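Colleague: quick one, what's the 3D model for this:
(2 chains)
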Protein chains: 2
Amino acid sequence: MEFKISRDFLAQIEQLVSENREQELYQLLNELHYADIAEIMGELDDADASYIFHILDSEKTAEILLELDEEVREKILRNLSPKEIAEELDELSTDDAADIIAELPAEVKEEVISEIQDVEHAKDIVDLLRYDEDTAGGLMGKELVRVNENWNVLTCVREMREQAANVQRVHSIYVIDDEDRLKGRLSLKDLLVTSTKTPISEVYIRKVDFVKVNTPGVEVARIMQRYDLEAIPVVDELGRLVGRITIDDIVDVIKEEADKDYQLAAGISQDVEADDSILDLTRARLPWLVLALLGGFISVKLLNGFSGAMNNHKELFFFTPLIAAMAGNVGVQSSAIIVQGLANNSISGSLWNRLIKEVLLSLLNGTILALILIIGSHLLLDMGYDVGITVSISLISVIIIASLIGTFVPILLNRFGIDPALATGPFITTSNDICGILIYFTIAKMILGF
Amino acid sequence: MEFKISRDFLAQIEQLVSENREQELYQLLNELHYADIAEIMGELDDADASYIFHILDSEKTAEILLELDEEVREKILRNLSPKEIAEELDELSTDDAADIIAELPAEVKEEVISEIQDVEHAKDIVDLLRYDEDTAGGLMGKELVRVNENWNVLTCVREMREQAANVQRVHSIYVIDDEDRLKGRLSLKDLLVTSTKTPISEVYIRKVDFVKVNTPGVEVARIMQRYDLEAIPVVDELGRLVGRITIDDIVDVIKEEADKDYQLAAGISQDVEADDSILDLTRARLPWLVLALLGGFISVKLLNGFSGAMNNHKELFFFTPLIAAMAGNVGVQSSAIIVQGLANNSISGSLWNRLIKEVLLSLLNGTILALILIIGSHLLLDMGYDVGITVSISLISVIIIASLIGTFVPILLNRFGIDPALATGPFITTSNDICGILIYFTIAKMILGF
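Modeller: Numbers count the residues shown, from 1 in each chain, chains lettered A, B, ... in the order given. Just a heads-up that it's a prediction; the model follows:
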């Protein structure tokens, strides 16, 4: 079912563009889904992409605009007049149109809005621009079907048909009172199977989930996922129905949030892709590497401080990467579980219980690993039992501390309102490397005395 | 909007259960959403959870069953007779019912199916059990509204009302021919605004996205996301319409896939949560730690082999954790970007171009880090420039190799049909630790000669 862009196909398009064969290009592309055309445009050079954009119908180009990568979209929009941009926006739903306007340079924004033909549409868009993009207000669209609780089914169906013309897909019919306050909902199905004279107040469901305009987007995602909702109405501070959020917008929020957590855990700080420029990739990756390097300086300093051990127990230095690696891995495991638990709202119980659990878990894991280490260092590495036992005791201690750091740093950050995902990846591995080495040599010094 | 379970509320429920106050419990819980009740049951002990389950209406308990954690569900089901289970399944949609049956012990399955009252429902469920749960067939439900292309709008509306009684939400009306083959779709809206005598063949949209029963679930998720679909029809090998998948099922697939990738990148190999038992957590975490430990053995062996450097250049050993950490971090960054790119299908261009890009990127990052290292090791660590330069040259080489390993191991795994996410996290950090140390000391030996 899915369309795959082949090199041949791209070459064919480039050929047609260079020969100005508009007719054939139109026929070839008009068959495709806008998401596919957007991907094709992303692969072409700017001039070719712009050329294609201009020969397609505005119904299609509006949706293509939405799907394009931000940089490509910016370039396309730069070549369009405010009037042309407004024409595209006329084709889009209010939330999508508002998202595109928000990206425009300030001086163009007003002009574009004033060129939008449909005044109601323009008003709705301006209204949406007020909200922060990460809140329910920023996610919602104004397209919805609303009926008054005092109407009957017949009036309702008539009104609905009219309203539905502007709504791409009717998820629910929301019931409001004379003050526009959300009172409940009706399903299209209920309406189809009810006699036309029934008053709406007799058939509507008074229980309806909703969010407020300032509810954070991730919270909206959590609610819609938890309660299996395909759309949720949004109310303002006075409880008045002002918009609705549909599940497809939430799918994007869920995906973005997951991608962001994943990238933070891997030490990448911006939303980058494999195909981004080397400069963009460097900007996303280098800060974390510098952090790790500075952490590395501290470990060098620490090891230097323990250089007295070089004389009689130089083997100890062979184990530093092993200890650091174990500290890092354990820390990342613990922090990942906590970050995911916090994201899913599934962390229960007191901090104290969690502490005891982490210590027990680490003791169990640590003991098993220590046994493997003692046997392994004797058989495989041919080291004395004194070194093996010293390293093993250190290993268990390091694992306990590493798991505690991995568990409690994200919890602490979360309490202070900082994204706990920041504390995964390089942050945890670096701090655990340092703590691990410090603990290791301190214990070794106590046991072996150097 | 979201319900939060407080300790007080739980205590109140436990109190009511212990005093057998069914009436009050029913009133208290019946107000709540099934997802909330499922969470409450997860917090209670088994007997209390079972007690609550039995006093609620079967309409609610069926949905609760779905939302429960697998272990809790298993315990509840074990206390129900096949007839009672069948009653719950009668309330559920076919796909959800099939998921629950699939979890039952083999000997109970057949009995439960034979107890389902609605024979059509039972047939549909049995049909769904044939499919692998990770394919479109395993995700789809049989509830859909289908009309024949030879009908007119009136027949269609009449038929639809009948069929819609069994369908929770009508996403699309699918149009089929006399052989049940999927021909196109109709929107509910179109039907509302078309005259009743119009033949369906004149109004339906002949273009319809669909997937086959054996399309993998992640592929279905990709298609529905890419094309902004809220539902997609599923056809069998002969193109016959056999079911539909809705976006809420896909939201779960997306979430699970993202969670799995995140956990693999953190070195956790099963789907565990912070609140799982210590044994479950150990099972998920220990294998990766053992892998890291064995990798650590190799690094000990390597360092032992270079112990000749101890005499004149013992500072070199102070830098091993730094080199290993940089190799690990760079590798994880590279692999994360590739894994995400593969998951989003957004990796384009040849392997050769990617190789050149990674080398250039690493050279840029490496050079900046090397400069910081030379200056830092001199100013902060008071080391000679010869050590600083040796470590720096090694660092650049290590970063290049680490990023190449991080990039190409996932790509290779993917080519061989293995989940590339397996190659993130501990696997990459461990192999990069080893390669990093080997490269570092080899280069140091060449420059400093020991």
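
Colleague: what count of nearby residues applies to residue A:120?
Modeller: 11 (other Cβ atoms under 10 Å in any protein chain shown). Quick note: C-beta positions are derived from backbone N, CA and C, even for glycine.

Colleague: three-state assignment of residue A:32?
Modeller: With DSSP: H, G, I helix; E, B strand; the rest coil as the basis, residue A:32 sits in coil.

Colleague: that one: how many residues sit nearby?
Modeller: 17.

Colleague: how far away is it from chain B?
Modeller: As judged by Cβ to the nearest Cβ, to the nearest Å, residue A:32 and chain B stand 11 Å apart.

Colleague: can you get me a residue count around the closest residue to chain B within the stretch 351-450 of chain A?
Modeller: The nearest approach of the stretch 351-450 of chain A to chain B comes at residue A:361, 4.9 Å away (Cβ to the nearest Cβ). Counted with other Cβ under 10 Å, residues neighbouring residue A:361 total 24.

Colleague: residue A:19 too?
Modeller: Neighbour tally, residue A:19, other Cβ under 10 Å: 10.

Colleague: ditto for residue A:115
Modeller: Residue A:115: 17 neighbours (other Cβ under 10 Å).

Colleague: ok, now residue A:6?
Modeller: Residues near residue A:6, counting by other Cβ under 10 Å: 9.

Colleague: likewise for residue A:59?
Modeller: 11.

Colleague: name the nearest residue to it, ignoring sequence neighbours.
Modeller: Closest residue in space to residue A:59, ignoring its immediate chain neighbours: residue A:91 at 5.7 Å, by Cβ to Cβ, 6 or more residues apart in numbering or on different chains.

Colleague: ok, now how distant is the one you found from residue A:124?
Modeller: 14 Å (Cβ to Cβ, to the nearest Å).

Colleague: ok, now residue A:137?
Modeller: Distance from residue A:137 to residue A:124, by Cβ to Cβ: 12 Å.

Colleague: with residue A:104 instead?
Modeller: 17 Å.

Colleague: looking at residue A:91 and residue A:124, which has the bigger crowd around it?
Modeller: Under the criterion of other Cβ under 10 Å, the comparison of residue A:91 against residue A:124 puts residue A:124 first, with 23 against 17.

Colleague: rewinding a little: right, and the residue of the stretch 351-450 of chain A closest to chain B touches residue B:282 too?
Modeller: Yes. Between residue A:361 and residue B:282 there is a contact at 6.6 Å, judged by Cβ atoms under 8 Å.

Colleague: how about the helices of the stretch 151-300 of chain A, start to end?
Modeller: Along the stretch 151-300 of chain A, the stretches classed as helices by DSSP state H, counting those that start in this stretch are A:153-164, A:188-192, A:200-203, A:217-226, A:247-265, A:278-305.

Colleague: now render the ones you listed as TSV, adding mean pLDDT and distance to chain B.
Modeller: As requested, these are exported to TSV (pLDDT from 0 to 100; distance: least, Cβ to the nearest Cβ, whole Å):
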stretch	mean pLDDT	distance to chain B
helix A:153-164	78	6
helix A:188-192	71	5
helix A:200-203	86	16
helix A:217-226	91	5
helix A:247-265	88	3
helix A:278-305	92	3
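
Colleague: output those helices in JSON lines; the columns should cover mean neighbour count.
Modeller: Formatted as JSON lines, the helices of the stretch 151-300 of chain A follow (neighbours: other Cβ atoms under 10 Å in any protein chain shown):
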{"stretch": "helix A:153-164", "mean neighbour count": "17"}
{"stretch": "helix A:188-192", "mean neighbour count": "18"}
{"stretch": "helix A:200-203", "mean neighbour count": "17"}
{"stretch": "helix A:217-226", "mean neighbour count": "21"}
{"stretch": "helix A:247-265", "mean neighbour count": "21"}
{"stretch": "helix A:278-305", "mean neighbour count": "19"}
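
Colleague: torsion angles phi and psi at the residue nearest to residue A:346 when sequence neighbours are not counted?
Modeller: Sequence neighbours aside, residue B:273 is the residue nearest to residue A:346 in space, at 5.8 Å (criterion: Cβ to Cβ, 6+ apart). When read as degrees, to the nearest 10, the backbone of residue B:273 gives phi -130, psi 160.

Colleague: ok, residue B:273 - contacts?
Modeller: A:337, A:340-341, A:344, A:346 (Cβ atoms under 8 Å, 6 or more residues apart in numbering or on different chains).

Colleague: wait, which of these is closest to chain B?
Modeller: Using Cβ to the nearest Cβ, the contacts of residue B:273 come closest to chain B at residue A:341, 3.8 Å.

Colleague: what's near enough to touch that closest one?
Modeller: A:347, B:273-275.

Colleague: least confident pick among the residues you listed?
Modeller: Lowest pLDDT within the contacts of residue A:341 is found at residue A:347 (74).

Colleague: does it touch residue A:338 like I think?
Modeller: Yes. Using Cβ under 8 Å, residue A:347 is in contact with residue A:338, at 7.0 Å.

Colleague: those two: who's more crowded?
Modeller: Between residue A:347 and residue A:338, residue A:338 has the larger neighbour count (other Cβ under 10 Å), namely 25 against 18.

Colleague: hang on, that one packs against residue A:405?
Modeller: No. Contact criterion Cβ under 8 Å: residue A:338 and residue A:405 do not qualify, at 11.0 Å.

Colleague: ok, back up a step: okay if I get the contacts of residue A:341 as a markdown table plus distance to residue A:55?
Modeller: A markdown table is the format used below for the contacts of residue A:341 (distance: Cβ to Cβ, whole Å):
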| residue | distance to residue A:55 |
| --- | --- |
| A:347 | 54 |
| B:273 | 52 |
| B:274 | 54 |
| B:275 | 57 |
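
Colleague: biggest separation within those residues, which pair?
Modeller: Maximum pairwise distance in the contacts of residue A:341, criterion Cβ to Cβ, is 8.6 Å, between A:347 and B:273.

Colleague: alright, calling it a day.
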